[in-house]
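K.L.:
please work out how this folds:
(chains A and B)
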Amino acid sequence: TQLLEQSPQFLSIQEGENLTVYCNSSSVFSSLQWYRQEPGEGPVLLVTVVTGGEVKKLKRLTFQFGDARKDSSLHITAAQPGDTGLYLCAGVGSGGGADGLTFGKGTHLIIQP
Amino acid sequence: GAGVSQSPRYKVAKRGQDVALRCDPISGHVSLFWYQQALGQGPEFLTYFQNEAQLDKSGLPSDRFFAERPEGSVSTLKIQRTQQEDSAVYLCASSFLTGNTGELFFGEGSRLTVL
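P.N.:
Predicted coordinates for the structure are as follows:
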């Protein structure tokens, strides 16, 4: 089983601050996805990173895939209350296959006005 | 509708009862996944269908769990003789692509509470 460790587990900051959350594994992934989930809803895909060292930006969100394709980070600039939610990373195994994504336990993010 | 639809949204069952959870994926999506999400945790894989074929059921926690997708569209997750540890949100996701390489579109989930 390929495990993904996310940190921090919980984060509460003030509006306007910057933050970074991490997703780490000892396993190599062919790609990694970040999802955001709000209470009572299903996860919604934010981004997929495929190439080691890849950086993708989505407005105030910056996603980076580690060179070795074992870890990833999500940086949010000038956080807004609307960024509040559960951020999940999910790895696609190097072997491919149909066994589904491996999800981390998530980072619960609260942005206080 | 345009998205993945799950029903019921909420289900309360007495321990020992059987439950059936339905997933209506996005039309034309080949792949369908079921996940179990415990409170405050990330989703955990249960099973995967490619059209009507159940290609992977390695995540089903016990033989009380059964899933089907007989016509390659709607899927049902059945849990027999429910136990308290079965309490969780059950998420269904579909994808246009085969396997897990494409974007997964999730439903809102079915929250099961076993008393």
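
K.L.:
for chain B, what lies in contact range of chain A?
P.N.:
Counting by Cβ under 8 Å from any Cβ of the partner chain, chain B comes close to chain A at B:4, B:31, B:33, B:35, B:40-45, B:48, B:50, B:55-56, B:58-59, B:91, B:93, B:98-101, B:103-109. The way it works is simple: take the backbone N, C-alpha and C, and place the C-beta from them, glycine included.

K.L.:
what helices and strands are in contact with the helix or strand bottoming out on mean pLDDT in chain A?
P.N.:
Lowest mean confidence among the helices and strands of chain A (mean pLDDT, DSSP states H and E): strand A:102-103, at a mean of 88. Under the contact definition 3 or more Cβ pairs under 8 Å, 6 or more residues apart in numbering or on different chains; DSSP states H and E, strand A:102-103 sits against strand A:85-93.

K.L.:
would the strand it packs on count as contacting chain B?
P.N.:
Yes. Counting by Cβ under 8 Å from any Cβ, chain B is contacted by strand A:85-93 at A:L88, A:A90, A:V92.

K.L.:
next, count neighbours for the residue in chain B that chain A sits nearest to.
P.N.:
In chain B, the residue that lies nearest chain A is B:F106 (2.9 Å; Cβ to the nearest Cβ). Residues lying near B:F106 (other Cβ atoms under 10 Å in any protein chain shown) number 23.

K.L.:
that one contacts A:P43, correct?
P.N.:
Yes. Between B:F106 and A:P43 a contact is recorded at 5.2 Å, counting by Cβ atoms under 8 Å.

K.L.:
OK, contacts around residue 26?
P.N.:
All of this refers to chain A. Residues counted as contacts of A:S26 (Cβ atoms under 8 Å, 6 or more residues apart in numbering or on different chains) are A:L3, A:K70.

K.L.:
right idea, wrong chain: chain B
P.N.:
Counting by Cβ under 8 Å, 6+ apart, B:I26 makes contact with B:A2, B:G3, B:V4, B:S94, B:F96, B:F105.

K.L.:
good, wrapping up.
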